[in-house]
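>>> Compute the structure for the input listed below.
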Amino acid sequence: MKRSTTPSFIITLPLLLEPWQEHRLDTDFAVSCKIYNSLRCEVMNRYNQMVKTKRYRYWLKPYRKEKKGSELRKQAKEQLESMRKEFRLSKYDVEKDIKKYQHYYSKNLHSAVAQKLVEQLWKSFDKLLFGNGQTVHFKRCDDFTSIEGKSNETGIVYANGYVGYNKMRLKVLANTRDPYVEQALRCRVKFCRLCRSFIRGKWKYSVQLILEGQPPVKVTDTGEIKHSIGTGRVGLDIGPQTLAVAAANTVRLVELADKIQNIENQLRVINRAMDRSRRATNPSFFNEDGTIIKRKPNEKRIWNTSTRYKKLAAERKDLYRKQAAIRKQQHFELANYIVSLGDEVYIEDMNFSALARRAKKTTVSEKTGKCRSKKRFGKSLANKAPAMFVSILEQKLNSTGGHLYKVKTKEMKASQYKHDTQTYKKSKLSERTKEVAGQTVQRDLYSAFLLMNSNPTLDKPDQNLCEKNFSTFLELHTAEVQRLKTLSHLPSSVGIKSIKTA
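As a prediction, the model looks like this:
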């Protein structure tokens, strides 16, 4: 049976390694990265040769511009497919190319691991050929953090507390007294993945077991279910930094990953120190006004780095690792909380990558007379990772029998709708409150309420549900606003100061 047809979950366990095993793994990861980059260069050269041909450019225009199903587009598609075969741009061809590298490094790279390496590379080329990818980048050795096998029968094999890899037996530290780990290890292992993380100046290795089935239910010491599953509707209005929640008995406005702000402040200080050090050791690369001198064509520029700069870079890397781990943990905790409120979750289908793009139009500020910055929400999205939270929540709901409904954003227009008048009114982004039925409500919380009461076609709020649940929402909304006003820190985009409470 194919892996994609059965549910699966992952459990990560640390490895207890001897020094010689760590050195062997360091070498194997370096070899895998080298092969990946060599293969990338070879395939990219063939792609560039294909793109330069007149025939490719001739058929690419009708393929992009013509409507789907038209005869000219079908003909263009056939011509482009034949060209890809001619220039050996397919996953099968890349698997053939990697054999010569794998045979040369057979002591460091198993054939099954090499084939999975091809899958990792081909995902990027697939986006380049058929998606919105611009190029396929090289990988630095420090960024190459995982290798995996195709099955638990060859390549990387887990059995009886050990991982077999390249004639090594790597001991797995599994706490079998933990009920969750004990139940998880009873499931069939589909395949294994060796991972590494750079922690405090040293690589730490672990194994990820991809197991078949649903993850075990976590319980407390008293035997109660740790993360209970609720029933009913839940509306979520997600933004770059905050999440508004509306359920039958709960109204909540929370900041996404609020514990990473302290790390963000530390990173800001380190980045400034690194910039000062870099300018001090490379004065010839900067203009008098502080800008970097543009590099001449074919000029090779080597930046000098001091010992202090290298120490700061290592410290910054460790902080980025901590930040990513804390952010992911908080997203999982928040997803568990949402699932406990209900099993039908309604959220707008957001394109977060579009929010990160710079603005196209140049506007002038009326106060200062200067051009406004074209920056939008890129930094907030990078720090808070709302798209990651949505994917984690969807995974949680699927595993617990719930469902995530993605509402049609353009048709729903939750931020503009008022159910009392059944009209749409576009408001500025700075306006954080709305007047509904004579009451002042927070804009995001009200949007979450409308999403919770979506109709079956997911394009408009259900008027009957809105009228039925609005009084309960107002009571919960008032209590939540009072709670928010007691908090010392909250993003300015929330805008609750103007809301009066009794």
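
>>> Output the worst-scoring helix or strand of the chain on mean pLDDT in CSV with nothing but the alpha carbons.
Ranking every helix and strand in the chain by mean pLDDT, DSSP states H and E puts helix 352-356 at the bottom, with a mean of 76. Extracted as CSV, the C-alpha positions of helix 352-356 are listed here (Å, rounded to 0.1, in the frame of the first residue of the first chain):
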residue,chain,number,x,y,z
PHE,A,352,-0.1,35.2,3.2
SER,A,353,2.6,35.3,0.6
ALA,A,354,0.7,38.2,-1.1
LEU,A,355,0.6,40.1,2.2
ALA,A,356,4.4,39.9,2.4
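
>>> For that helix, buried residues please.
Across helix 352-356, burial judged by 16 or more other CB atoms under 10 Å covers 355, 356. In this view, the C-beta of every residue, glycine as well, is placed from N, C-alpha and C.

>>> What is it packed up against?
helix 378-384 (3 or more CB pairs under 8 Å, 6 or more residues apart in numbering; DSSP states H and E).

>>> Can you show me the strands along the stretch 201-350 of the chain?
Listed in chain order, the strands of the stretch 201-350 of the chain (DSSP state E, counting those that start in this stretch) span residues 202-212, 233-238, 242-247, 251-255, 344-348.

>>> Run me through the strand neighbours of the last one, direction for each.
This means strand 344-348. Under the criterion DSSP bridges, strand 344-348 sits next to strand 233-238 (parallel), strand 403-407 (parallel) in its sheet.

>>> now the last one, how far from the centre of its chain.
The chain centroid and the centroid of strand 403-407 are separated by 19 Å, computed with CA atoms, centre = their mean, to the nearest Å.

>>> just so I know, which of the strands paired with strand 344-348 lies nearest residue 15?
Residue 15 sits nearest to strand 403-407 of all the strands paired with strand 344-348, at 34.9 Å, using CB to CB.

>>> What count of nearby residues applies to residue 120?
Per other CB atoms under 10 Å, the neighbour tally for residue 120 reads 15.

>>> Over to the one 3 residues further on?
Residue neighbour count, defined by other CB under 10 Å, stands at 14 for residue 123.

>>> packing partners for the one helix or strand it maps to?
Using DSSP states H and E, residue 123 sits in helix 111-130. The contact analysis (3+ CB pairs under 8 Å, 6+ apart) places helix 111-130 against helix 19-52, helix 91-104, strand 146-148.

>>> which one of those has the most crowded surroundings?
strand 146-148 (a mean of 20; mean count of other CB atoms under 10 Å).

>>> which outside residues touch it?
Outside strand 146-148, the residues that touch it by CB atoms under 8 Å, 6 or more residues apart in numbering are 28-29, 32, 113, 116-117, 156, 191-196, 208.

>>> With distance to residue 243 and pLDDT as extra columns, can I get these in CSV?
Output for the contacts of strand 146-148, formatted as CSV (distance: CB to CB, whole Å; pLDDT from 0 to 100):
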residue, distance to residue 243, pLDDT
28, 41, 95
29, 37, 95
32, 38, 95
113, 39, 93
116, 36, 93
117, 37, 93
156, 38, 94
191, 34, 94
192, 35, 95
193, 31, 95
194, 35, 96
195, 29, 95
196, 32, 94
208, 28, 96
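
>>> Now a ChimeraX select for only the buried ones of the residues you listed.
Only the buried entries of the contacts of strand 146-148 go into this ChimeraX selection, using 16+ other CB under 10 Å:
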select :28,29,32,113,116,117,156,191,192,193,194,196,208
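
>>> In contact with residue 408, which residues are there?
Counting by CB under 8 Å, 6+ apart, residue 408 touches 349, 458, 459.

>>> Could you export the residues you listed as JSON lines, including distance to residue 310?
Listed next are the contacts of residue 408 as JSON lines, based on distance: CB to CB, whole Å:
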{"residue": "349", "distance to residue 310": "44"}
{"residue": "458", "distance to residue 310": "53"}
{"residue": "459", "distance to residue 310": "55"}
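
>>> tell me the centre residue of this protein?
Residue closest to the mean C-alpha point of the chain, counted by CA atoms, centre = their mean, is residue 388 at 4.2 Å.

>>> mind checking pLDDT for it?
Residue 388 carries a pLDDT value of 93.

>>> in the stretch 101-250 of the chain, which segments are predicted with low confidence?
Judged by pLDDT under 70, the stretch 101-250 of the chain has its weakly predicted residues at 223.

>>> Not including adjacent chain positions, what is the nearest residue to residue 112?
Distances taken as CB to CB, 6 or more residues apart in numbering place residue 155 nearest to residue 112, at 3.4 Å, with adjacent residues excluded.

>>> how close does that neighbour get to residue 194?
Using CB to CB, to the nearest Å, residue 155 is found at 10 Å from residue 194.

>>> shared neighbours of those two, anything?
residue 165.

>>> To what extent is the nearest residue to residue 280 once chain neighbours are set aside buried, counted in neighbours?
Nearest non-adjacent residue to residue 280, counting by CB to CB, 6+ apart: residue 306, 7.8 Å away. Number of residues near residue 306 (other CB under 10 Å) recorded here: 13.

>>> cool, residue 277 as well?
By other CB under 10 Å, 20 other residues sit near residue 277.

>>> In contact with it, which residues?
Shown in contact with residue 277 (CB under 8 Å, 6+ apart): 305, 306, 308, 309, 312.

>>> mind running it again at 10 Å?
Residues near residue 277 by CB atoms under 10 Å, 6 or more residues apart in numbering: 304, 305, 306, 307, 308, 309, 310, 311, 312, 313.

>>> And residue 210, by the same measure?
Applying CB under 10 Å, 6+ apart to residue 210 gives the contacts 3, 8-11, 148-149, 152, 187-193.

>>> same thing with residue 118?
Contact analysis of residue 118 by CB under 10 Å, 6+ apart lists 35-36, 39, 43, 91-98, 102, 125.

>>> Just the endpoints, please. Distance across stretch 299-315?
End-to-end distance of stretch 299-315 (CA to CA, to the nearest Å): 31 Å.

>>> Include distance to residue 417 when you put the helices and strands packed on helix 111-130 into JSON lines, please.
Below are the helices and strands packed on helix 111-130 laid out as JSON lines (distance: least, CB to CB, whole Å):
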{"stretch": "helix 19-52", "distance to residue 417": "47"}
{"stretch": "helix 91-104", "distance to residue 417": "46"}
{"stretch": "strand 146-148", "distance to residue 417": "45"}
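
>>> Residue 239: which of these is closest?
Of the helices and strands packed on helix 111-130, nearest to residue 239 by CB to CB is strand 146-148, at 31.8 Å.

>>> before we move on, the earlier item: tabulate the contacts of strand 146-148 (CSV), appending distance to residue 134.
Conversion of those to CSV gives the following (distance: CB to CB, whole Å):
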residue, distance to residue 134
28, 31
29, 27
32, 25
113, 28
116, 25
117, 22
156, 33
191, 31
192, 33
193, 28
194, 30
195, 28
196, 28
208, 30
